[in-house]
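Colleague: Coordinates for the following, if possible.
(2 chains)
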Number of protein chains: 2
Amino acid sequence: MKKFVYSFGSGKAEGKTQMKNFLGGKGANLAEMTNIGLPVPPGFTISTEACNQFYKAGTKWPKGLEKQVDDGIKKLEKDMGAKFSDKNNPLLVSVRSGAAVSMPGMMDTVLNLGINPDVITALINKTGNERFAWDAYRRFIQMFGDVVMGVKHELFEHELDAVKKKYKAKQDTDLDASMLQEVVDRYMKIYKKVTKKSFPTDPKIQLKHAIDAVFSSWNNERAIKYRKINDIRSLIGTAVNVQAMVFGNMGDTSGTGVAFTRDPSTGKDMFYGEYLMNAQGEDVVAGIRTPLHIETLKKVNAKIFKQLIDIRKRLEKHYKDMQDLEFTIQEGKLYMLQTRNGKRTAAAAVKVAVDMVKEKLINEKTALLRIDPQQLDQLLHPMFDPKAEKANSRIANGLPASPGAACGQVVFSAEMAEKWAADKKDVILCRIETSPEDIGGMDAAEGILTSRGGMTSHAAVVARGMGKCCVAGAGDVQIDYKTKKFKVGNVTIKEGDWVSLNGSLGNVYKGKINTVESTLSGDFYTIMKWADKYRRLGVRANADTPHDTEVAVKFGAEGIGLCRTEHMFFEGNRIIAFRQMILADDKAGREKALAKLLPIQRRDFEGIFKALKGRPCTVRLLDPPLHEFLPHDVAGQKEMSRVMKISVAKIQNKVESLKEFNPMLGHRGCRLGLIYPEISDMQVQAIIEAAMNVSAKGTKVQPEIMIPLVGNYMELKIARERAEAVIANVFKQRKKKIAYKIGTMIEVPRAAVTADEIAEYADFFSFGTNDLTQMGCGFSRDDAGKFLPDYVSMGIYDYDPFQVLDIPGVGKLVEMAVALGRKNNKQLKTGICGEHGGEPKSVNFCHKVGLTYVSCSPYRIPIAKLAAAQAALGK
Amino acid sequence: MKKFVYSFGSGKAEGKTQMKNFLGGKGANLAEMTNIGLPVPPGFTISTEACNQFYKAGTKWPKGLEKQVDDGIKKLEKDMGAKFSDKNNPLLVSVRSGAAVSMPGMMDTVLNLGINPDVITALINKTGNERFAWDAYRRFIQMFGDVVMGVKHELFEHELDAVKKKYKAKQDTDLDASMLQEVVDRYMKIYKKVTKKSFPTDPKIQLKHAIDAVFSSWNNERAIKYRKINDIRSLIGTAVNVQAMVFGNMGDTSGTGVAFTRDPSTGKDMFYGEYLMNAQGEDVVAGIRTPLHIETLKKVNAKIFKQLIDIRKRLEKHYKDMQDLEFTIQEGKLYMLQTRNGKRTAAAAVKVAVDMVKEKLINEKTALLRIDPQQLDQLLHPMFDPKAEKANSRIANGLPASPGAACGQVVFSAEMAEKWAADKKDVILCRIETSPEDIGGMDAAEGILTSRGGMTSHAAVVARGMGKCCVAGAGDVQIDYKTKKFKVGNVTIKEGDWVSLNGSLGNVYKGKINTVESTLSGDFYTIMKWADKYRRLGVRANADTPHDTEVAVKFGAEGIGLCRTEHMFFEGNRIIAFRQMILADDKAGREKALAKLLPIQRRDFEGIFKALKGRPCTVRLLDPPLHEFLPHDVAGQKEMSRVMKISVAKIQNKVESLKEFNPMLGHRGCRLGLIYPEISDMQVQAIIEAAMNVSAKGTKVQPEIMIPLVGNYMELKIARERAEAVIANVFKQRKKKIAYKIGTMIEVPRAAVTADEIAEYADFFSFGTNDLTQMGCGFSRDDAGKFLPDYVSMGIYDYDPFQVLDIPGVGKLVEMAVALGRKNNKQLKTGICGEHGGEPKSVNFCHKVGLTYVSCSPYRIPIAKLAAAQAALGK
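Modeller: From the prediction side, this is the model:
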């Protein structure tokens, strides 16, 4: 018989933290805390495997589970000296979900399970707190009704409000025991009306239903959505934790709280948390009452506070990572209900990792592996321009719940946020408080603003996880969903108005604020230094201008992996010369126009070589089809006609003659340079002359000329020979030589499978994985939107292959090309310059197939470096 | 020292027929004929390797060649008892090119070499024929001047005409010796004026220059063009044949002729040739005088005729193939100047091959290998509808020089033919006679009409080689190049007018005539029977309708390899239902429209299954993007709006929303069926119900459902599961089952490299090599026209990869997919259904990589079968 149930209690547990996949995060850590002697209410965990088998059997309990649950209850009854339905000492339990990966608020929980009319009497007798007993009962009915039987929350709230109104009670706490008894009566009627059944009185039946409900919650819509958004895969199900109830709401000596062992926002080494006295745990997390800072607990109960400080140290020493913990105080006694590795911002992740190395808790390698490379994006995204921010008058201030800056149009529902975002609008989602149902809208929004809730409220936790700017609990903001407006002071903001949020300061501004680059901490550079120490893979940047090159060098680029020359042709007067070239009737005409472009290109390349200070630069020759340089609308054609003094008809004829059915597969890349070699000639000349000019002034240069879109070795052979002739001519004129490389992009599938032939004419391969994905998978990036999202939902592709390299398909082409290429050219350098070059999973792949370097946008260099280091460390 | 020069003469030769690559076709066969005792004027052959080294050394003679040529001349002088410049018995030689593959008229020849003022006297003394001597001299000067020194032909003709005018001579033959001497004088002056040099008198210098000229002619423009058009590759150069002159123009007992051992047009076993008495060989080939039928030689010289008949038999017995031979009679003595395998029409190739098997000259395998599969196209192309042809009044009749039917607009120059053809016009090239300069225009034309020349004229020989319809020597046709008109009787045809040619009958018609399918000979079916016997590869057809299926079966298709269902949606009312489906706002709307299409599709499939009589049928589910089914022009949209009673705006919105940047890489193929599964459901249901209906009537059925454009195994897995559910449902309703297969097209590169995964869900792979080429090579067929022709010229691709499968690239993907697929699925059937399936080189490749079958258009089935047999026979 398979063991599904693992007990913990009385200082001993069957599970341990390493059993996270099997017992879920919560269950494994409850066991671990029990084993290291922390005060954990006893209970047992039903494994994730049971949930898995539950689904496999068509939502039926696996064989043996019922017996094991019964045994678990028996042990629990023994540990607690209490029994289900006992007239003197009745056992109450909580039933909570807990998967291997934390999915906060996503799945269901039932508290106070075990109450029935008999137990109420016992509870009153035992606690002498009649109000507490009835309050526990009505909470239980409401949760059980909602979670287990699907009775709408609002129906219960409606009854509660009715009773409050009847007795003119403002707060729930104004209701006394008899009023709460009336609430219980009304709840029971609602329950029966909706479910057509009586509320079950047998705690075992209650438990069975509750466990079913937790299992089922694994596949409710919002849990599925959460897993999708957070890219949580291959979990088999949720565990179920059944644990003796402890109450934070048994009076003023009781309370409940959540805390982080360090500041999850900054990483600062301080105890960071919030609590509420006389409250149940959900009250803190839900953000309905605004909780107190943990430091104030010292005054309320110094002993408990000291005990917590001690536990904080023990947990960090034991887990060697920042912990996120939950506790309850029941009548002056502390109980630990949860610990787990704390979610943190990128800044905090960096600081905690560096600090823990200093504290000798972990080593550099572990520190590197601790940080999610993707998350670094938060640190690298631009912030508001401080001057602009200062100049704008702040309209509100809330908690700095998730750092960063965001600017967008206000919407008041998750649905609207998703809709507007789909229309390419930037939106700020404004909610009184958020709930798991809002996940989609939060993901779609640029930033989130709430008027209620603390740093550990749903909005704050989720936003930090998403790396999304969030200002929470901005109490002055009065939101009216009906009129789609919010008021703050005498300012009214309506749906569609622009606001700006500073999630690092908690500030809210009216209108748009310009952004500037973020500044990076010393710890960040420490992490980068360590990443450089352990990574094997080189990291270059994609940059097209001297300015971009400077940014790239600042971010630590070891060179340019892709310098696109076409962007250079769009600026100012250049486009005129370039269009003259396109419109020329013959080679002579083209050459005349190209002669005008030569000095301009040379100047650009000089700037880039200077900025690179000796680092290599891969320049790609003209790639896009010529029609991309001509205006396709009549207005643009008329303007061009006016400026260039050429008839509109001639321009239109050219546009027409250059039209392509599938521009992606058209006359572009090296196909341009082979049919109009004078274009490549000019570019090669400009590159080499620029390199020689910069070199002559004492700066080392490493020009690398890249022939794009090669599919057949003959294309590269011809293009290379031609380029070499041009270069030889420059050398002859200048009576001097410099070193250079000539290579190609591998972006056509045919190139990948014939890479052995191509490698004979290439000094390097640079994988253009954007195009290789388009041609390899046979879908154009511009058109795939009609089916690719569905494809990812259906599991056809694990990720959008334009974001994460499609390793089994496109990756196979890359791997094949590397192997074939190296076979015929031992010196071959290999890199990747598609957008995948800055995506951690793809970087990991690049390391594994042995590429020489990755190249990505300057802002993603730190991400690529960290991912490269993690790959080298065996991740 | 390398041996470059190979002698023949006096019954012994150093070369032999097997040395064709080294000695050229002409040289090797002159040696062979010498060795088997035929009367061949002695001489020697300079090898193709010498030509190769000539080019390698920058057009300089290789070391040792001069000495070997000197020795060759010495031996020749000895064999002939004659000497260069000898005052009594001077040696005259011909210098002719001769590559390993016949390139008729493409390279240069110099005759009568060795004449100088001394030799003239000797010639007159020796022959007693003063006129002959001067005529030989002027011909020599003209040829040498033209071929060796580049003095324009016309300049000499002008002088000749002047002398003829002066003496009122109508024909060249009206000029007597003294007049010819005057021509010689004038020629010498022209020669000196143009070349600034005196005409060389030393025969050795003449010979050196002539050999240089022949070497050089290998790379003249028309030779290069000829090799390109005829796909002649990897030859290293031309050989040079230096041979003692024999003269067909020494009077009425001399003559010259060309003959085929069988009729090259029909293959009939009859001696087939033409000759002219008192003429040099070039006179017959050039078509200037219309020659006599060979049979008439019997009356002129029965002995020589008998000798020729005897030689005809000996040559066929020796070479075991139909021969094309050249002979000269010098004063009653026969000399053989050439033999080679004769070019022939497809019909002749088939008949000769079958007849020679009957005659036990060759076996079936050799017979199969003798026929060029591509050439069979001639037999399979439609002919004129006999009724329509009869109804049209013939305006002229000429020689049936090359069979087939052609219809086009008249042009009068090769240049214009190429130009109009590039504009997609069908043209008929009309020339008085054609010359090698016209090759390009002949290739571009649909058919060729000449007013002068016989069955072995340039036009006739070249047209037959091209498999192009040609009517030659239509003497009534009076062509005026200047006014761009031709007159025949009282009919005037001007440039751009339509004419129709029947090349099998030699008829010319005014206007266009409808065509019908050709009828095939019994010999043709014999060849097909043998092909079936030896081939391993299956041959299926691509057919979309019951009618196409019938044609395919008639041509011997073993099934349908590709039945495209989309064409079915365009006919009549179907397009309305299909458009309703596209315009539907939701699934219910689509299903309603699809319900109308179901019975129509089912009926189509029933027709196809019936016509197949038990053969398998691969039906591809809907492939093209939906926008292809909507009108893109406003007029069409308005018409659609009227017919369907839907607003134009709604139609335009839909067109706009379906627009794609790269339709080739867009929402099509299985991507349609996965997003709108109801479409596939309907099609699968129609296929299976049709199959069951036909099966119920006793006809065997083999339905194969093909999911297009799969790139990821998950696509096929999902589509397959869905299709299987639909099929299971049909089986359940009918309480019956039939066998079926489900497979996929491999046309996306990703599919090829992950074929192992895909094969687990596929019963068969069908390579869609059209799309695989587009995506694999990264160029769209519609757009590649801008660079692909240049790419082929530059040698980047050997052939247009859309015509001949790109074996090193796309072929590698195919090979990989076959290997990977079979690894995971031993039962996997593999086929090809791109247009390459009917192209011989591609079929050969398909055999070699072990495909199960090829599928091609019905008209190409015989070609595919023959190519498959040749592949099996090791070609």
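
Colleague: which bits of the stretch 601-750 of chain A sit near chain B?
Modeller: A:660-667, A:671, A:674-675, A:709, A:711-712, A:714-715, A:718, A:747-750 (C-beta under 8 Å from any C-beta of the partner chain). C-beta coordinates here come from the backbone N, C-alpha and C atoms, glycine included.

Colleague: try 7 Å
Modeller: Residues of the stretch 601-750 of chain A lying close to chain B (C-beta under 7 Å from any C-beta of the partner chain) are A:660-667, A:671, A:675, A:709, A:711-712, A:714-715, A:718, A:748-750.

Colleague: Restrict these to the buried ones and give me that as a PyMOL selection.
Modeller: The following PyMOL line selects those of these that are buried, judged by 16 or more other C-beta atoms under 10 Å in any protein chain shown:
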select buried, chain A and resi 660+662+663+664+665+666+667+671+709+711+712+714+715+718+748+749+750
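
Colleague: quick one: residue A:811 and residue A:805 touch, right?
Modeller: Yes. Using C-beta atoms under 7 Å, residue A:811 makes contact with residue A:805 at a distance of 5.7 Å.

Colleague: Of the two, give the one with the bigger neighbour count.
Modeller: Each of residue A:811 and residue A:805 has its neighbours counted (other C-beta atoms under 10 Å in any protein chain shown); residue A:805 has more, 27 against 23.

Colleague: Excluding residues flanking it in the chain, which one is nearest the more buried one?
Modeller: Nearest non-adjacent residue to residue A:805, counting by C-beta to C-beta, 6 or more residues apart in numbering or on different chains: residue A:842, 3.8 Å away.

Colleague: Report pLDDT for that neighbour.
Modeller: On pLDDT, residue A:842 comes in at 97.

Colleague: Tell me which residues of whatever helix or strand it lives in come out buried.
Modeller: Assessed by DSSP states H and E, residue A:842 sits inside helix A:840-848. Under the neighbour-count criterion of 16+ other C-beta under 10 Å, helix A:840-848 has A:840-847 buried.

Colleague: One more: stretch A:543-560?
Modeller: A:543-546, A:548-553, A:555-560.

Colleague: What are the contacting residues of the helix or strand hosting residue A:347?
Modeller: Applying DSSP H and E as the criterion places residue A:347 in helix A:346-358. The contact list for helix A:346-358 (C-beta atoms under 7 Å, 6 or more residues apart in numbering or on different chains) reads A:262-267, A:269, A:322, A:344, A:362-364, A:367, A:370-372, A:375-376, A:378-379, A:403, A:467, A:521, A:523-524, A:526-527.

Colleague: So for that helix, mean pLDDT?
Modeller: 95.

Colleague: List the buried residues in the longest helix along chain A.
Modeller: The longest helix of chain A (DSSP state H) is helix A:587-612. Within helix A:587-612, the residues that qualify as buried are A:590-591, A:593-594, A:596-598, A:600-602, A:604-612, counting by 16+ other C-beta under 10 Å.

Colleague: how about the CA coordinates for the helix holding residue A:347, as PDB?
Modeller: The C-alpha trace of helix A:346-358 is given here as PDB (Å, rounded to 0.1, in the frame of the first residue of the first chain):
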ATOM      1  CA  ALA A 346      15.500  41.400  -8.000                       C
ATOM      2  CA  ALA A 347      17.200  44.000  -5.900                       C
ATOM      3  CA  ALA A 348      16.500  42.000  -2.700                       C
ATOM      4  CA  ALA A 349      17.600  38.800  -4.400                       C
ATOM      5  CA  VAL A 350      20.900  40.400  -5.400                       C
ATOM      6  CA  LYS A 351      21.500  41.900  -1.900                       C
ATOM      7  CA  VAL A 352      20.500  38.800   0.000                       C
ATOM      8  CA  ALA A 353      22.700  36.600  -2.100                       C
ATOM      9  CA  VAL A 354      25.700  38.900  -1.700                       C
ATOM     10  CA  ASP A 355      25.100  39.400   2.000                       C
ATOM     11  CA  MET A 356      24.700  35.700   2.600                       C
ATOM     12  CA  VAL A 357      28.100  35.100   1.000                       C
ATOM     13  CA  LYS A 358      29.600  37.700   3.300                       C
END
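
Colleague: now it, how far from the chain's geometric center?
Modeller: 19 Å (C-alpha atoms, centre = their mean, to the nearest Å).

Colleague: now stretch A:189-209
Modeller: With C-alpha atoms, centre = their mean, you get 40 Å for stretch A:189-209.

Colleague: List the buried residues of that stretch.
Modeller: Residues of stretch A:189-209 classed as buried by neighbour count (16+ other C-beta under 10 Å): A:190-191, A:199-200, A:203, A:206-209.

Colleague: go on, stretch A:175-185?
Modeller: If you call a residue buried by 16+ other C-beta under 10 Å, then stretch A:175-185 has these buried ones: A:175, A:179-184.

Colleague: Stretch A:524-535 now?
Modeller: For stretch A:524-535, by 16+ other C-beta under 10 Å, it's A:524, A:526-528, A:530-531, A:534-535.

Colleague: Show the average pLDDT along it.
Modeller: 97.

Colleague: sorry, back to before: tell me which entries of the contacts of helix A:346-358 lie within helices.
Modeller: In helices, judged by DSSP H, the following of those are found: A:364, A:367, A:370, A:378-379, A:523-524, A:526-527.

Colleague: Which two of those have the greatest separation?
Modeller: Greatest spatial distance in the ones in helices among the contacts of helix A:346-358: A:364 and A:378, 22.0 Å, computed using C-beta to C-beta.

Colleague: Fine, thanks again, bye for now.
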